[in-house]
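# I would like the atomic coordinates for the input below:
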Amino acid sequence: MDLELRHLRIVRAVADAGSVSKAASTLGLAQPALSAQLKRIERALGGTLFERDRLGARPTRLGELVLARARVLLPAAQELQDEAARFVTRPSPGFRIGATYGPVLGGLVHRLAAEHTVSTYTSWSARELASMVELGRLDYALVGACGDSGAPAGALLWDSISLDPIFVLVPERHPAAGEKEVELADLAEEQWAVTPGDACFADCFAMACARAGFTPGTIYETDVATCAHLAQVGRAVALCQATHVPEPGLVMVPLAGAPLRWRQLLGRHPAAPDATWVLSHAKQAHMDSVRRNPAYSDWLVRNPSFGTAP
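Numbers count the residues shown, from 1 in each chain. Okay, here's the model as predicted:
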């Protein structure tokens with residue numbers, strides 16, 4: 001006999017009830033039928049699962065092992081059934097989109113929501129979002145990756161939305177604020193503010209600094225608003241995507257030679273609806289963010305290999 005989930009439910013029911021008779025009542029079975037089924041399960045597993053006496057049924061060491069596995073497997077199987085049901089029966093057409101911080105989500109939601117139902121989920125972790133798409137909890141994931149790195153590993157289908165340089169945010173009084181661009185080496189004595197994530201950007205930044213001849217000092221890893229604040233008060237130079245619109249009192253300055261680059265990616269479940277149409281809107285949303293940023297638009301004229309993917 002092959003072990004099945006229903007057999008694990010029987011083991012769990014007996015353990016929870018503390019006796020075969022009470023478990024039979026809970027499961028809606030006759031006690032002799034449940035006892036016979038329990039014996040077949042024990043034969044399949046090769047040993048006794050419960051010690052039974054007038055006080056009830058207590059798991060043996062083998063029973064405790066099986067019960068521990070059952071308490072993990074049964075909820076997981078139920079969660080899978082629930083997710084599958086939601087995936088099949090969810091309203092259509094509709095889109096479930098997860099995103100890390102980036103310039104595309106707001107514009108994409110605005111475009112899609114004009115005609116369809118849209119729900120969103122935000123996380124700093126691209127791996128978490130990719131996992132949620134693989135499990136069917138999301139249709140799409142908008143994530144970022146270093147310019148030279150590949151798409152996150154897994155079974156998803158990935159398309160490139162854009163390739164953007166990383167610029168720096170400095171206060172208006174900073175020496176670099178009036179420059180057309182600044183060498184990374186000229187910022188060697190600065191402290192830094194960056195947004196978190198689980199991609200390889202931290203390593204890419206360290207390597208870019210090493211190529212520029214220095215090791216970066218203090219790095220504050222925090223949210224976007226705090227990065228901007230630290231730059232405003234002169235505590236740190238903030239690294240930002242070129243699509244970022246600077247806050248009052250801050251100036252966004254390109255890094256010479258674009259030593260740091262960031263790709264926007266759209267990952268999708270193989271069964272995601274209207275993939276080509278959604279990708280087109282994601283690219284349009286990125287182009288809109290570029291148009292809102294004159295500094296980046298001007299930079300793209302001189303660096304046409306960057307920007308929205310064709």
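# Touching, T218 and A236? I think so.
Yes - when contacts are counted by Cβ atoms under 8 Å, T218 is listed as touching A236 (7.5 Å). In this view, the C-beta of every residue, glycine as well, is placed from N, C-alpha and C.
# the more surrounded of these two?
A236 (24 against 10; other Cβ atoms under 10 Å).
# Can you give me every residue that contacts the residue nearest the centre of the chain?
Nearest to the geometric centre of the chain sits L129, at 2.5 Å (Cα atoms, centre = their mean). If you count contacts by Cβ atoms under 8 Å, 6 or more residues apart in numbering, L129 has them with 98-100, 121, 123, 138, 141-143, 267.
# quick one, strands of the protein?
50-53, 56-59, 94-99, 117-122, 140-146, 157-171, 192-194, 219-221, 237-241, 250-254, 261-268, 307-308 (DSSP state E).
# Can I get those strands in a markdown table including mean neighbour count, mean pLDDT and distance to S25?
Shown next, in a markdown table, are those (neighbours: other Cβ atoms under 10 Å; pLDDT from 0 to 100; distance: least, Cβ to Cβ, whole Å):
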| stretch | mean neighbour count | mean pLDDT | distance to S25 |
| --- | --- | --- | --- |
| strand 50-53 | 14 | 90 | 16 |
| strand 56-59 | 17 | 91 | 13 |
| strand 94-99 | 22 | 90 | 42 |
| strand 117-122 | 14 | 93 | 42 |
| strand 140-146 | 25 | 90 | 47 |
| strand 157-171 | 21 | 95 | 50 |
| strand 192-194 | 22 | 94 | 60 |
| strand 219-221 | 14 | 92 | 56 |
| strand 237-241 | 24 | 94 | 62 |
| strand 250-254 | 22 | 96 | 69 |
| strand 261-268 | 24 | 93 | 48 |
| strand 307-308 | 20 | 96 | 65 |
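# Would you mind putting those strands into JSON lines with distance to L3 alongside?
Formatted as JSON lines, those follow (distance: least, Cβ to Cβ, whole Å):
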{"stretch": "strand 50-53", "distance to L3": "16"}
{"stretch": "strand 56-59", "distance to L3": "16"}
{"stretch": "strand 94-99", "distance to L3": "35"}
{"stretch": "strand 117-122", "distance to L3": "36"}
{"stretch": "strand 140-146", "distance to L3": "36"}
{"stretch": "strand 157-171", "distance to L3": "36"}
{"stretch": "strand 192-194", "distance to L3": "50"}
{"stretch": "strand 219-221", "distance to L3": "47"}
{"stretch": "strand 237-241", "distance to L3": "52"}
{"stretch": "strand 250-254", "distance to L3": "61"}
{"stretch": "strand 261-268", "distance to L3": "36"}
{"stretch": "strand 307-308", "distance to L3": "53"}
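# wait, which of those is closest to A36?
Among the strands of the chain, the nearest to A36 by Cβ to Cβ is strand 50-53 (13.9 Å).
# just how off-centre is the closest one within its chain?
47 Å (Cα atoms, centre = their mean, to the nearest Å).
# quick one on the thing from earlier: find residues that contact each of T218 and A236.
Joint contacts of T218 and A236 (Cβ under 8 Å, 6+ apart) are 191-192.
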